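# What shape does this take:
(chains A and B)
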Number of protein chains: 2
Amino acid sequence: MTTSSAPSPRPRVVIIGCGFGGLEAARALRGAALDVTLIDKTNHHLFQPLLYQVATAGLSAPAIAAPIRHLFRQQPNVTTLLGEVTHIDVAARTVHLKDGPHPSAPLPYDHLIVAAGATHSYFGRDDWAPHAPGLKTLDDAFEIRRRILLAFEAAEKEADPTRRADWLNFVVVGAGPTGVEMAGTLAEIARHTLPGEFRHIDPASAKIILLEGGPRVLQSMPESLSQRAREQLEKLGVEVRLNARVTAIDSDGLMVESPSSAQPTSATSYQIKSKCIVWAAGVAASALGRQLAGATGCATDRAGRVVVAPDLSLPGHPEISVIGDLAAAKSHAPGQEPTPVPGVSPGAKQMGRATAANILRRLAGQATQPFRYRDYGNLATIGRNSAVVDLTSPTGPVRFSGYFAWLFWLFAHVYFLIGFRNRLVVLLDWAWAYWSFARYARVVTGIEGSAKSNGAKQSETAAPTRS
Amino acid sequence: MTTSSAPSPRPRVVIIGCGFGGLEAARALRGAALDVTLIDKTNHHLFQPLLYQVATAGLSAPAIAAPIRHLFRQQPNVTTLLGEVTHIDVAARTVHLKDGPHPSAPLPYDHLIVAAGATHSYFGRDDWAPHAPGLKTLDDAFEIRRRILLAFEAAEKEADPTRRADWLNFVVVGAGPTGVEMAGTLAEIARHTLPGEFRHIDPASAKIILLEGGPRVLQSMPESLSQRAREQLEKLGVEVRLNARVTAIDSDGLMVESPSSAQPTSATSYQIKSKCIVWAAGVAASALGRQLAGATGCATDRAGRVVVAPDLSLPGHPEISVIGDLAAAKSHAPGQEPTPVPGVSPGAKQMGRATAANILRRLAGQATQPFRYRDYGNLATIGRNSAVVDLTSPTGPVRFSGYFAWLFWLFAHVYFLIGFRNRLVVLLDWAWAYWSFARYARVVTGIEGSAKSNGAKQSETAAPTRS
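You can find the predicted model right below:
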């Protein structure tokens, strides 16, 4: 960081994290007479709703990741900084970065927006991480892509039929949107993309098992749509096991506890052998949340999210806002009880814009306004031609599923992709994949190193701080 | 590998390596009554002539890498095997693979095609590898992309002007086609892509230095085109230093010996400080070449390439052919002295087809034919709008450079890309990059781990065996 030669007369806004919340906040400050520093641990803004497509070889990484600097090249009041925040000094109003080749000076702020997001959580069982990677970053997606494709390769080479079947068992833990997308797409790969390419195995014989601890898939959706989603998953060839609680994961597979009678041989606890497990179950807020709570005395919820004031600032610290997945925020509609804001990208984007507006109000000497979340609905895709849509409209909810829901989901996602070029490329990739059933991004790198480094790599990925 | 339950009545052809040579050989055996096993260390065929575009963030990896299985899904006599060949048992006629999770049985062959290619060589100075990665695999390309983009990021954070300038020194060693392309594209990035995106540095102030030990760039080209290429490089802002021999590389930069008077302060030896050095100088054949030579008594040349018989087989071993960059092959035109085949992709492809044809001749009891290389010319690109072209025609050579040479180069490369989809995507990417000056694949992953793992990673990459 270049040390400023003279104190800046303009207010300094520091934003930690360039996910949906941080990006929108920085954009909403365009043209304002202040200096924004946007810090992220990576050099790109990631369109997370399509990350599962990178993990399943449907899209290349650059199609869903835009260089942050490039996004802000026309906004001169934004300085982009690649770096990792180690802690926030609330008293001194400075942000401290992990040292690079040379020590960085602490970064002073007049207003701080903490949008550091969340990572996957193993409910205290971090030893599961090497065996069941989660999906939050591009590195995670590459690791999962590598495991999926190499499992088919290993099965092709395996002479022993039992061990071969183990290689073809794919397990997804957690039936939220990511788990459902992963399971549906895995089934599509096994049934449609790979057949014909192997000589010793039939990829279509692969088993895709989706484990969910709760009683239904897509629990944030209305029950009728959960039911439709489950039917569509099963039609694609996914085995859905509900009320199934994972009790252990190791290199051989997982142990599952289930009150259901679906497993007659073992009523409550059984093993699923698998070499490729994807973790889509738990989410934990960035460690910066608890650190802020320790420094300011504010509360965090069970997932480590910071309980914020109605205007998204920290109670007692109007100069600090917490937004996105790191915030336990409520929506304040006039004349109604506050309701929790769901952890979805429209929520994060709206919080980003609202916080930027409140900063401008504070600078103008006006009162800040409470955050109000506008819910336009909820989408989830399952696989080729299938999705569920739950739209909010003035005349009540509009719900549909199947092919038109899938088209709706597709265009909505492409529309919200950052940057015209990416939209075009993603649309073309999908048009091509749709007609050919091919998945073009089936490139696996680092094959030699992967077996050795999984442990180390995954423990790094599972580290909770993300800025 | 599944052990065959009964001895196959069909001849077994094993191909090691799916570069241009191995791919063409397998394709040319389409429809033949034999069983082909195609072994590669990676799961993709790589279009190496465009690898520098992945390294410089102009293309995504899947745009130039096609899954090998997918390429052969319609050719039932080809079995694809992901694996690394450890050695060839010439007496037993078996190929041994590195063990995966379970031991693989040796692979028997009736005819073997060794197309294991080459890797970069540091002329015995493998300790230079961590500081100056070469460009042969996608992993190499990602590593170089990471170093280039992170060097600009580090410069932006650096307060000390001298150290900041060091971060903005980029050195390419070797002015063959890859070195020239890398240097030209680096200059384009610094002058056209990045300006406006940084707040503390001017990316256009970056120095791009191209070091060449010989007296001119592109030594395989006619002298007049070398001269044009050098002029075009200098116009793009590349500093070309000829007759410059690298004597040491470490984490601070390199030591160069130069008889020229271009460096008045130090006549013969001087240091260039740099944090980002790309090695495009030496090439060494796969270690399988020397291993074969040891087992059969055949000769290798200085670069470790196997000296083959006129029909590309090993002297005394008609059942083994060596092709591509691993072969020191000669072209046998009727009535002319044999001439060496250049190490370019058309050479490898022609050798692949010729070897396949010779195998079919042998099986039919016919005599094999000597290889004849058809030289259609030589292309090299330098950067935006600039390239040099040297075509062979019946009426003598056709040589041109500049914008039309660049267009010619572009369409020739896109034409030879494997797979229609890739061609379309690459053309679109380039059309977009051309009009916008943007480079979309500026995604860097593994930032946290990169500093620590460079050493280990590069030594792995520099390991000479490549199959």
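# shaky segments in chain A?
Low-confidence segments of chain A, defined by pLDDT under 70: A:1-8, A:100-103, A:260-267, A:418-422, A:433, A:435-438, A:446-467.
# can you give me the helices for it?
Assigned by DSSP state H, the helices in chain A fall at A:20-28, A:51-55, A:61-64, A:68-71, A:138-157, A:161-167, A:177-188, A:223-236, A:287-296, A:345-363, A:403-416, A:420-436, A:447-461.
# can you redo these as a markdown table with mean neighbour count and distance to residue B:99?
In short, each C-beta sits where N, CA and C put it, glycine included. Converted to a markdown table, the helices of chain A look like this (neighbours: other Cβ atoms under 10 Å in any protein chain shown; distance: least, Cβ to Cβ, whole Å):
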| stretch | mean neighbour count | distance to residue B:99 |
| --- | --- | --- |
| helix A:20-28 | 26 | 45 |
| helix A:51-55 | 26 | 28 |
| helix A:61-64 | 26 | 31 |
| helix A:68-71 | 23 | 43 |
| helix A:138-157 | 22 | 10 |
| helix A:161-167 | 16 | 14 |
| helix A:177-188 | 27 | 27 |
| helix A:223-236 | 19 | 35 |
| helix A:287-296 | 20 | 40 |
| helix A:345-363 | 22 | 45 |
| helix A:403-416 | 16 | 43 |
| helix A:420-436 | 16 | 35 |
| helix A:447-461 | 16 | 11 |
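# Domains in chain A, by residue range?
A:12-41+A:83-117+A:286-363, A:121-283+A:385-459 (automatic domain parsing).
# out of those, which comes closest to chain B?
Chain B sits nearest to domain A:121-283+A:385-459 of all those, at 4.0 Å, using Cβ to the nearest Cβ.
# Distance to chain B for the helices of chain A - can I get that in a markdown table?
Output for these, formatted as a markdown table (distance: least, Cβ to the nearest Cβ, whole Å):
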| stretch | distance to chain B |
| --- | --- |
| helix A:20-28 | 14 |
| helix A:51-55 | 10 |
| helix A:61-64 | 4 |
| helix A:68-71 | 4 |
| helix A:138-157 | 4 |
| helix A:161-167 | 7 |
| helix A:177-188 | 15 |
| helix A:223-236 | 21 |
| helix A:287-296 | 15 |
| helix A:345-363 | 19 |
| helix A:403-416 | 16 |
| helix A:420-436 | 5 |
| helix A:447-461 | 6 |
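# Could you point out which of these sits nearest residue A:259?
helix A:223-236 (18.0 Å; Cβ to Cβ).
# Show me what the closest one packs onto, helices and strands only.
The helices and strands touching helix A:223-236, judged by 3 or more Cβ pairs under 8 Å, 6 or more residues apart in numbering or on different chains; DSSP states H and E, are helix A:177-188, strand A:238-241, strand A:377-383, strand A:386-391, strand A:398-401.
# would you list the ones you listed in JSON lines and tack on distance to residue B:52?
Shown next, in JSON lines, are the helices and strands packed on helix A:223-236 (distance: least, Cβ to Cβ, whole Å):
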{"stretch": "helix A:177-188", "distance to residue B:52": "32"}
{"stretch": "strand A:238-241", "distance to residue B:52": "42"}
{"stretch": "strand A:377-383", "distance to residue B:52": "37"}
{"stretch": "strand A:386-391", "distance to residue B:52": "40"}
{"stretch": "strand A:398-401", "distance to residue B:52": "47"}
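# Skipping its backbone neighbours, what lies nearest residue A:333 in space?
When the adjacent residues along the chain are set aside, residue A:333 lies closest to residue A:372, with 5.5 Å between them (Cβ to Cβ, 6 or more residues apart in numbering or on different chains).
# Could you do residue A:399 as well?
residue A:390 (5.1 Å).
# The one you found and residue A:397 touch, don't they?
Yes: assessed by Cβ atoms under 8 Å, residue A:390 is found in contact with residue A:397 at 6.1 Å.
# Enumerate every residue touching the residue nearest to residue A:333.
When contacts are counted by Cβ atoms under 8 Å, 6 or more residues apart in numbering or on different chains, residue A:372 is found next to A:331-333, A:354.
# 7 Å instead?
Remark: with contacts taken as Cβ atoms under 7 Å, 6 or more residues apart in numbering or on different chains, residue A:372 is in contact with A:331-333.
# Same list (those) but as TSV, adding neighbour count.
Output for the contacts of residue A:372, formatted as TSV (neighbours: other Cβ atoms under 10 Å in any protein chain shown):
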residue	neighbour count
A:331	21
A:332	16
A:333	12
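# Can you tell me which of those end up in strands?
Judged by DSSP state E, strands contain the following of these: residue A:331.
# List just the nearest of the contacts of residue A:372 to residue B:250.
residue A:331 (57.5 Å).
# how about the nearest residue to that closest one, chain neighbours excluded?
residue A:373 (3.6 Å).
# Verify the contact between the one you found and residue A:348 for me.
No: applying Cβ atoms under 7 Å, one finds residue A:373 not in contact with residue A:348, separated by 10.4 Å.
# which residue sits closest to residue A:415, ignoring its sequence neighbours?
Nearest residue to residue A:415, sequence neighbours excluded (Cβ to Cβ, 6+ apart): residue A:423, at 7.3 Å.
# Isn't that neighbour up against residue A:414?
Yes: the pair residue A:423 / residue A:414 is scored as a contact, 5.2 Å apart, by Cβ under 7 Å.
# circling back: can you tell me the number of residues neighbouring the residue nearest to residue A:399?
21 (other Cβ atoms under 10 Å in any protein chain shown).
# That one: what's it in contact with?
A:221-222, A:225, A:377-378, A:397, A:399.
# how much space between residue A:123 and residue A:174?
11 Å (Cβ to Cβ, to the nearest Å).
# Name the residue in these two with the higher neighbour count.
It is residue A:174, of residue A:123 and residue A:174, that has more neighbours when counted by other Cβ under 10 Å, with 25 against 10.
# Skipping its backbone neighbours, what lies nearest the more buried one in space?
residue A:281 (3.4 Å).
# Equivalent analysis for residue A:128, please.
Residue A:128 sits nearest to residue A:249 (Cβ to Cβ, 6+ apart), 4.2 Å away.
# isn't that neighbour right up against residue A:132?
Yes: if you go by Cβ under 7 Å, residue A:249 and residue A:132 touch, sitting 5.2 Å apart.
# who's more crowded, those two?
Legend: neighbour count by other Cβ under 10 Å for residue A:249 and residue A:132, higher for residue A:132 (26 against 23).
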